[in-house]
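Trainee: could you look at this predicted model? Sequence included:
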Amino acid sequence: MHKILAAALLAAGVSLAQAQFTGPSVSVSASTVLQAQQVRLGSYVTLSGHIVAHQREQYYLFRDASGEMRVEIESALWQGRRVSPETRVQLHGEIDQGLRGRYMWVKSIQIVN
């Protein structure tokens with residue numbers, strides 16, 4: 001009887017802890033720029049396409065078949081790799097919004113061949 005009660009209390013504690021989490025989900029909810037422009041802020045997305053221009057500081061213009069989006073890529077993420085507008089990349093990151101509108105805060109970048 002005590003084991004059943006302990007198991008029930010443990011299960012209830014685990015489900016309560018999960019129910020209290022209010023941060024973004026790690027699930028991918030968009031795969032194109034058009035979709036990324038419509039998801040909820042804080043959503044994580046994966047986009048495949050091309051970085052076509054450097055705008056300023058750590059901001060770049062990313063393009064896929066559905067459109068263009070500003071992306072923020074911190075210097076450390078480049079890891080010495082050379083990327084040109086012809087290089088196909090896959091970006092994984094979080095959708096955010098600033099004074100200049102919606103953008104993707106890139107968490108990882110991969111070169112796709």
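Mentor: Perfect, thanks for sending it.
Trainee: doesn't Glu74 make contact with Ile109?
Mentor: No - the pair Ile109 and Glu74 does not pass the contact test of Cβ atoms under 8 Å, sitting 9.9 Å apart. C-betas here are computed from N, CA, C, even on glycine.
Trainee: between these two, which one's more packed in?
Mentor: With other Cβ atoms under 10 Å as the criterion, Ile109 and Glu74 differ in neighbour count, and Ile109 comes out ahead with 19 against 11.
Trainee: and the more buried one, how close does it get to Phe62?
Mentor: Look at Ile109 and Phe62: by Cβ to Cβ, to the nearest Å, they are 10 Å apart.
Trainee: common neighbours of these two, please.
Mentor: The overlap between the contact sets of Ile109 and Phe62 (Cβ atoms under 8 Å, 6 or more residues apart in numbering) consists of Leu91.
Trainee: not counting sequence-adjacent ones, nearest residue to Trp78?
Mentor: Take Trp78 and drop its neighbours on the chain: the residue closest to it by Cβ to Cβ, 6 or more residues apart in numbering is Ile109, 7.3 Å away.
Trainee: ok, that neighbour - contacts?
Mentor: Contacts of Ile109 were listed using Cβ under 8 Å, 6+ apart, and they are 73, 77-78, 81, 83, 89-92.
Trainee: so which of those is the most crowded?
Mentor: The residue in these with the most neighbours, by other Cβ under 10 Å, is Leu91 (25 neighbours).
Trainee: wait, doesn't that residue sit right on Arg70?
Mentor: No - taking Cβ under 8 Å as the definition, Leu91 is not a contact partner of Arg70, at 11.8 Å.
Trainee: which neighbours do these two have in common?
Mentor: In contact with both Leu91 and Arg70: 62, 104, using Cβ under 8 Å, 6+ apart.
Trainee: got the buried residues for stretch 98-113?
Mentor: 103-106, 109 (16 or more other Cβ atoms under 10 Å).
Trainee: residues in contact with the longest strand seen in the chain?
Mentor: Among all segments of the chain classified by DSSP state E, the strand with the greatest residue count is strand 44-56. For strand 44-56, contacts defined as Cβ under 8 Å, 6+ apart pick out 24-33, 35-36, 39, 60-65, 68-71, 73, 83, 85-95, 104, 107, 112.
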